[in-house]
Structures are given as C-alpha cells and as structure tokens.
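Q: pasted the sequence and its predicted model underneath.
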Amino acid sequence: MSITLVRTHWSDPVGRELRSAQQADLTVRYGPWQGGPIPDLNPAEVEAFIVAFEDGKPIGCGAIRRESADIMEMKRIFVVPEARGRRLAGIILEALEREAVALGARYMRLETGTQQPESVRLYERYDYRPIDAFGYFADGDDTLFYGRDLDTVAARPAQPAVRRIHGVLHEVEGALIPSESAGVMIADLAGGYAIRRASSTDVPALLGLLADDDVAHARGDAPDTDPAADISVFERAFSRIDRDPAHLLVIVDSPAGEAVGTMQLTVLPGLGRGGVNRLQIESVHVATSERGAGVGSAMIRWALAEGVRRGASITQLTSDLRRTRAHEFYERLGFARSHAGFKHLG
C-alpha cells in the first residue's frame, strides 16, 4: 500500500466530491436530515484539508478547523467504502494531528455519531475520550463528542509507505491527480513573504543567495554568478535533490517577487533514540537586504513545523564556526549546542 497525502484547499473539486460522498453515507446511516440547513465550514477557518490518494485515485479526506489558539477541531474524516478496513482513516487522522501540532494546537476535539461505530473505534484507538457536547449538534441524541491532548503526537513514528506533499491537483487527461511540481507555493510567511518548493529555473537565484555570503567567499567556494558562467554542475545537483523525496529545497519570495531566502530540509530515519526520524536543516541563506527583518526566524519556525508534519521528532543543523551571529540566532530560536561537528574533505 502506497498512500499520497495532498494538503490542498477546501474548495478543491476532488475534496468536494469526497465530502458529498460522505454526506450520502451519513444519510444512509441516519436517514434524511429533518432539521434546518447545516452550516458548512467557513473556508477561512479550515487550517488544513488533506486528500488521500492511492495509485492516483482519491480515497479519503479530512480537515481541521481552529477553535482557539490551542484547540483544533477535526472534521470530515472519510474513506470511500471500497478502501475501508485498511486503517486508512488512521493515516489521515495522524496527518491531521501532525498538522494541528505544527500549527500550535495542544488539544483536538471532534464529533461523531452512534451510527458510526467504526469511527468510534478509530478515535478510541487513538486515545480520544468522551467530552462535553459542543457546536451545532450539541443537543443531538445520536451525537458523540471526543477530545484528546496532542502532547505525544510529535514523538509518534511516521507512517510507513506514506508520501506527504503540498499540493495542488492538476488535470491530466481528464483526471485530477496530485502533483508536487516545483514552484508550488507551500506557505505564507509574515509580511507578504512566501515559501515554495524551488524549481530548476530558480538555480541562478539560488546561486546568487549562496554567493551572498562572506564565509563562502573566505572558504573559496562561493559560486560564480556571472550570467555567462557554466552552471550545469549546479543544475545536475539540483536535479538529484529534487528527485529524492527525502529532500525539500525551498526558496522564499519577497512581496516584490524576488528570491530572498533558501534552505534545504532532509528527513533522516534512524535507529537511535528509539528509531525516530530527524529533520536536518542545511544551507540556510537570507539575502543581505532582508537580514534583520525577521525572514530567517520565520523560515526556521516554518521548518520546525514542517519537520513535525513529516514525522520528525528531532531537528538538527550544523553551522560554520565562523558564523557566530548565526549561532546566537539559532540559540534564540531554541537550538542547543549539544554536539561537535566534523567534516572530512577527502
């Protein structure tokens, strides 16, 4: 089983179809709704919406909405009937919990019903416990309410054989399929800056950011940014990074659309510390013109959250000994000088 989880927008057509199928399923279980119109989720309140695919076919979905700074509500978890019985709902649930933790939540709550015994078993298996009624169906005789703390989510091992992408759904030969095409915007940072997956056309801009670095010049390995320079070796290196799903090379665009930051994230599985995944942050660069404006802090905070989303329990990085200001910067963000680093350049 190989599952792809695509984080997309609430109005995505594939997601709408899955939610319609879920509503039809609920009508079969509970009968036609006799009350007033049921309010739909406000898209502005949906913090994350995930669609699950298997072999290009959408098979399930789920969402979280923010209730308060610390509390998220899980909504619309659904798996199509032909894909049930394989714990796919648990995969979606775990992904939504990771999203919630990455977005600062400490508690998750949800509602389900007496005619959904498989949902009740799912939530209880994940340590959800009954709580006081809330929301539109608070007075419903057949509605059940559950909640749990999210303090152990970050340490949970990532699901095997699950690929997570920030996506958009593209139409190919009449079918909507998930894509992790380079250049797709991943997240908004503060102040109008945006972070996105780098594309091959960004290589010259990436080299410009790498060259905007006194330490690289002192080492003698700053790239040549002359437009006439041969950059084929860097293009090949970018292709190797981009093909490997363990790596994510991102670029930050300013409000004016200029490339002003970059870093590379790598998820490293290991046997140490209980077999947890580690997130390695490498090659963090912010353009001189943007330093001191909070761009670097926003990048690292986003990277820490992305590590949680990708199943990492530890985030680590190295920094050249000459970068004393960078060391202070990382310590302010909560990193500790816990190890000594060594390189062999043979």
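A: That came in fine, so what should we check first? Residues are numbered from 1 along each chain as shown.
Q: from now on I want contacts and neighbour counts done on CA atoms only, so please keep to that.
A: OK.
Q: so which bits of the helix or strand residue 95 falls within are buried?
A: Assigned by DSSP states H and E, residue 95 belongs to helix 88-102. Across helix 88-102, burial judged by 16 or more other Cα atoms under 10 Å covers 88-102.
Q: also stretch 258-266?
A: Residues of stretch 258-266 classed as buried: 259, 260, 261, 262, 263, 264, 265, 266 (neighbour count, 16+ other Cα under 10 Å).
Q: could you do stretch 126-144 as well?
A: Within stretch 126-144, the residues that count as buried by 16+ other Cα under 10 Å are 128, 130, 133, 144.
Q: so which of the buried residues of helix 88-102 is the closest to residue 195?
A: residue 102 (15.9 Å; Cα to Cα).
Q: ok, the closest residue to that closest one other than its chain neighbours - contacts?
A: Once flanking residues are discounted, residue 102 sits nearest to residue 305: 4.4 Å by Cα to Cα, 6 or more residues apart in numbering. Counting by Cα atoms under 8 Å, 6 or more residues apart in numbering, residue 305 makes contact with 101, 102, 103.
Q: format these as CSV; extra columns: distance to residue 150.
A: CSV is the format used below for those (distance: Cα to Cα, whole Å):
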residue, distance to residue 150
101, 7
102, 11
103, 12
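Q: need the longest helix for this protein.
A: helix 13-30 (DSSP state H).
Q: what's the next helix or strand after it packed up against?
A: Next in sequence after helix 13-30, counting helices and strands by DSSP H and E, comes strand 46-54. Applying 3 or more Cα pairs under 8 Å, 6 or more residues apart in numbering; DSSP states H and E, one finds that strand 46-54 makes contact with strand 3-8, strand 57-66, helix 88-102.
Q: can you say which of those is nearest to residue 26?
A: strand 57-66 (14.9 Å).
Q: got the angle between the helix or strand following the closest one and strand 46-54?
A: The C-terminal neighbour of strand 57-66 among helices and strands, as given by DSSP H and E, is strand 71-79. Angle, strand 71-79 to strand 46-54, by axes from the mean of the first three to the mean of the last three Cα atoms, to 10 degrees: 20 degrees.
Q: got the contact list for stretch 84-91?
A: 60, 77, 78, 79, 122, 159.
Q: what's the span of that stretch, first residue to last?
A: Terminal residues of stretch 84-91 are spaced 12 Å apart (Cα to Cα, to the nearest Å).
Q: returning to what we had before: quick one: buried residues of the longest helix of the chain?
A: Buried, per 16+ other Cα under 10 Å, within helix 13-30: 14, 15, 18, 19, 21, 22, 26.
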